[in-house]
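J.: any chance you can model this:
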Amino acid sequence: MDSIFVHICGGFIGLSPVTTVLVDEMVRDNHDELEQKVDLLSELNEQQAKLTQSIMVEKMKATLT
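T.: Coordinates of the predicted model:
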């Protein structure tokens, strides 16, 4: 009876590090992809802000002339 308990507990303890490593790898892979998407969105946002600013400047110049 004691050996069954030891085998079951040992199995759970042995699986815990494996599960931790697998979950960590899955999260890290997803994190890298999300980070790339955030970088792309930031770049697009910056480009749009510059474009909007230049359009506003052109409109102001047209209004003043």
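
J.: what segments of this protein are helices?
T.: Applying DSSP state H to the chain gives helices spanning 2-64.

J.: give me the residue at the spatial middle of it.
T.: The residue lying closest to the centre of the chain (CA atoms, centre = their mean) is Leu34, at 3.1 Å.

J.: Val27 versus that one, what's the distance?
T.: 10 Å (CB to CB, to the nearest Å). C-beta: built from backbone N, CA, C; applies to glycine.

J.: what of Thr63?
T.: As defined by CB to CB, Thr63 lies at a distance of 53 Å from Val27.

J.: which one's more surrounded, the two?
T.: Val27 (10 against 7; other CB atoms under 10 Å).

J.: now do Gln47 against Leu41, distance only.
T.: Using CB to CB, we find Gln47 at a distance of 11 Å from Leu41.

J.: for Gln53, same thing?
T.: Gln53 is 19 Å from Leu41, where distance means CB to CB.

J.: low-confidence ranges in the chain?
T.: Within the chain, the stretches with pLDDT under 70 are 1-16, 18, 29-30.

J.: if we use 80, what do you get?
T.: Within the chain, the stretches with pLDDT under 80 are 1-32, 65.

J.: neighbours of Thr52, how many?
T.: Thr52 has 10 nearby residues by other CB under 10 Å.

J.: same check, this time on the one 4 residues further on
T.: With neighbours defined by other CB under 10 Å, the count for Met56 comes to 10.

J.: measure it to Ala49 for me?
T.: The separation that Met56 has from Ala49, given CB to CB, amounts to 11 Å.

J.: again, but for Glu33
T.: Counting by CB to CB, the gap from Glu33 to Ala49 is 25 Å.

J.: how about Leu34?
T.: Leu34 is 22 Å from Ala49, by CB to CB.

J.: then Gln36?
T.: 21 Å.

J.: and if you look at Thr19?
T.: For Thr19, the distance to Ala49 - CB to CB - is 44 Å.

J.: same check on Met60?
T.: Applying CB to CB to Met60 and Ala49 gives a distance of 17 Å.

J.: likewise Leu22?
T.: Distance, Leu22 to Ala49, by CB to CB: 41 Å.

J.: go on, Arg28?
T.: Counting by CB to CB - Arg28 and Ala49 are separated by 31 Å.
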